[in-house]
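need a structure here:
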Amino acid sequence: MRLVRKLTLAIVVGMCVVLAIHAYLRVERETNLHESDMRRDHFKIGGAFAVAVEEVWRAGGQVRALELIEDANRAEKEVLIRWVWLDAPIGDIHRA
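Predicted structure coming up:
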């Protein structure tokens with residue numbers, strides 16, 4: 001009877017180890033998927049917002065376009081949108 005208990009314990013421990021490894025790998029996979037989804041969503045939001053800023057720039061000028069970006073940042077705290085000039089001098093807030 002002692003052999004049956006030992007075998008049962010070994011099987012149960014083995015199953016627990018396999019299930020723990022599977023759960024860990026599943027959490028890692030889901031975390032990576034979530035991060036890639038968020039990255040993709042940010043690119044899509046950025047692309048759509050870029051079109052809006054471009055239209056406002058054409059209609060209202062640079063000042064109004066930059067105000068639109070500031071308004072969006074005040075309205076939404078979880079996502080930061082900023083204007084980047086590629087040739088801005090060092091120390092400028094619009095430097096990449």
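
quick one: the residue nearest the centre of the chain and residue 89, what's the gap?
Taking CA atoms, centre = their mean as the criterion, residue 38 is the residue nearest the geometric centre of the chain, at 3.6 Å. As defined by CB to CB, to the nearest Å, residue 38 lies at a distance of 33 Å from residue 89. For the C-beta atoms, the positions are set from N, CA and C on the backbone; glycine is no exception.

Helix or strand: which one has the closest residue in space to residue 65 that isn't next to it in sequence?
Residue nearest to residue 65 in three dimensions, not counting chain neighbours: residue 57, with 4.0 Å by CB to CB, 6 or more residues apart in numbering. Per DSSP states H and E, residue 57 falls inside helix 2-75.

now swap in residue 78 and tell me
Assigned by DSSP H and E, residue 78 falls outside every helix and strand.

burial measure for it, as a count.
4 (other CB atoms under 10 Å).

so where is the chain shaky, pLDDT-wise?
1, 94-96 (pLDDT under 70).

rerun that using 80 as the cut-off
Low-confidence segments of the chain (pLDDT under 80): 1, 85, 87-89, 91-96.

Hmm, the residue nearest to residue 65 is touching residue 69, no?
No - Residue 57 lies out of contact with residue 69 (CB atoms under 8 Å); the separation is 10.5 Å.

hey, what's in contact with both of the two?
Counting by CB atoms under 8 Å, 6 or more residues apart in numbering, no residue touches both residue 57 and residue 69.
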